[in-house]
Structures are given as C-alpha cells and as structure tokens.
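K.L.:
Build me a structure from this.
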Amino acid sequence: MLSAGVPTLLITGSNGQVGFELRRSLAPLGRVVALGRAGCDLSRPDQIRRVVRECRPDVIINPAAYTAVDKAETEAELAFAINGTAAGVLAEEAKALGSLLVHYSTDYVFDGSKDGAYVETDPVNPQSVYGKSKLAGEEAIAAAGGHALVLRTCWVAGAHGGNFAKTMLKLGRERDSLRVIADQFGAPTTASLIADVTAQIVARHWLNGDRRTFASGVYHLAAAGETTWHAYATEVLRYAAAQGIELKVDPSHIEAIPATAYPLPAPRPANSRLDTGKLRQTFGIHLPDWQQGVHHLLDQIFS
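P.N.:
The predicted structure follows:
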C-alpha cells in the first residue's frame, strides 16, 4: 500500500467491457493496479492470493468472469473455477486485509419466470451453468463474511469489446433483413454506467465513509426502464441511421420473433428486469434511462 491517504485499488479483468471502463472511473480515487488474465488468472487460486497479498489493496474490484454463456454448458469446471471459486478466494483475501470487495453478478441467477422486476430477496433459480456458476460466486463471497458489494446487472454493453449493440450495427450494415427476439425483457446497461456507479459508491461510502457501517450485500444495478431485444435492436439502428450511418436494413422493419425460434445451448431468462430501488436508496445513486446510455455508447462507437 502507498503512503497514508493514497488508497490502492486492484482491478481484475481490466481488458473486459466493465474492466476497461473501471480503469477510467477509478483513476481519480488513488493508485489503480489493473490486471488482465496474464497478471491475475482467476482459474488459479494460488496466483490470486499472491497478487492480492503483494498489492495489499484497499479495494478489490472484480469484473473478470467466464461469460461465454453457451460454451459454459460444456466447460462447467472452468466456469465454476472463475465465477465461483475465484470470487470466494478474493473475498477471503479482502477480509484478511480489511478491504472491500466489489464483485459483479447477473440476472441469470433467476429463472426469469417472475412477472415484475426482481428484487434482491427473490428466490434464485439459475437455469444455465453460467447462472449456477455466478450464484456459486455470490454464495462464496457471503460465506467469507467480509465487506463486499455484489452488484447484479443485466444486458451489459461497452464501447470496448463485443456486445449486442455492436452485433446489430454490423448486421444492419450487411443484411437486408433482421430477425430479433421480442419476448425477453430487460434493460441495456452500459459498462460505463456500471463503472461510474462503482466509483461513486467506493469513493463516497468506503474511501471517505465509515467503513464499519458500510452497507455490504447484494444490490441490483441496471439502467432505468425496460425493453426487449427487438426494441433494443430497433433503437440502435434508428439512432445509427439518424447519425448518418448507412444501413441496408430498415430499422422499422426488423422482424420480431419468439425465443423459441432461436434456440441456444443455454437457456436465457425471459424476464431480466431488476428492481434497483435498494441500490438507489442506500447509496443515493441516480440511474438514467437505458436509451440515454445506449445513445452515449453508440456515440463512442461512431467516433
């Protein structure tokens, strides 16, 4: 750790969508140590412990994850090692240092059958290996018993890395027609919003707050509002066309299809809506509408 007053913040998975944005959002808060897989491989618990003990961070932020949802169905051991075991190791090391762990989880811990938005206390029932591995991480963190913030989010997209918005832009330029699922609901949430909310909470409530009363626990973090994949795709291409991007497909003529028409190895929740009231009330956070975030994301991509 550096001299008194200069906190150290350790980021894993620093080359991923959220990790990339965290490098920016956390930079004003102290000394940031940003590590990719080469610097901290989450499939190797011994390496994780060595890195944390050498760095001695005030805050560990863990956006690193096994996110290949379909591939996880045949790589369960690796998914559980990275999403489950590693989260527990980080939590144990954070507790030993008296540090805060910030970890990101997912709407996939739910089965998607609820009518309304999920609250943190709703029963979990993951339907995929990916969802089960992320739930294992949540449980391992809780078992460690230290200061930890688990942020469940959904439909993440960033300017850095691959995601749905970029895929729709690519297909919109290449194809005359598109078919997109219209019976799954959620809120597109940008990596930059996740990173900015993380920085706000860490700065105001951990680094500059009373650590003894820090409100550890599970929180839902998603942009405001809700939509479907079909309406999301329509908005991406509508906004792109308005910015002068040349498209082959007419944004108003994207075909709406049911999820059953596009089968995948791993089941997706039909309902990914997350109630963010607990996060907003506990930490005084404002979450903008999903459209605002998507427009900002597209502006970044276009520039």
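
K.L.:
Please give the element, helix or strand, for residue 141.
P.N.:
Using DSSP states H and E, the element containing residue 141 is helix 129-144.

K.L.:
my bad, should have said residue 232
P.N.:
Using DSSP H and E, residue 232 maps to helix 229-242.

K.L.:
In contact with residue 174, which residues?
P.N.:
Contact analysis of residue 174 by Cβ atoms under 8 Å, 6 or more residues apart in numbering lists residue 248. In this view, the C-beta of every residue, glycine as well, is placed from N, C-alpha and C.

K.L.:
State the pLDDT value of it.
P.N.:
Residue 174 is assigned a pLDDT of 97 by the prediction.

K.L.:
ok, and the closest non-adjacent residue to residue 191?
P.N.:
residue 158 (3.1 Å; Cβ to Cβ, 6 or more residues apart in numbering).

K.L.:
quick one: that neighbour from residue 297, how far?
P.N.:
With distances taken as Cβ to Cβ, to the nearest Å, residue 158 is found 7 Å from residue 297.

K.L.:
Now do the shared contacts for these two.
P.N.:
With Cβ under 8 Å, 6+ apart, residue 158 and residue 297 have common neighbours 190, 192.

K.L.:
what stretches of the stretch 201-303 of the chain score poorly on pLDDT?
P.N.:
Low-confidence segments of the stretch 201-303 of the chain, defined by pLDDT under 70: none present.

K.L.:
how about the helices in it?
P.N.:
Per DSSP state H, counting those that start in this stretch, the stretch 201-303 of the chain carries helices over the ranges 229-242, 277-283, 290-302.

K.L.:
Is it correct that residue 32 is in contact with residue 24?
P.N.:
No - between residue 32 and residue 24 there is no contact under Cβ atoms under 8 Å: 9.6 Å.

K.L.:
More neighbours: the two, which one.
P.N.:
Higher neighbour count among residue 32 and residue 24: residue 32, with 21 against 13, using other Cβ atoms under 10 Å.

K.L.:
and that one, what are its phi and psi?
P.N.:
Main-chain torsions, residue 32, degrees, to the nearest 10: phi -100, psi 120.

K.L.:
what are the bridge partners for it, then?
P.N.:
Judged by DSSP bridges, the bridge partners of residue 32 are residue 9.

K.L.:
how much space is there between it and residue 49?
P.N.:
Distance of residue 32 to residue 49, computed by Cβ to Cβ: 20 Å.
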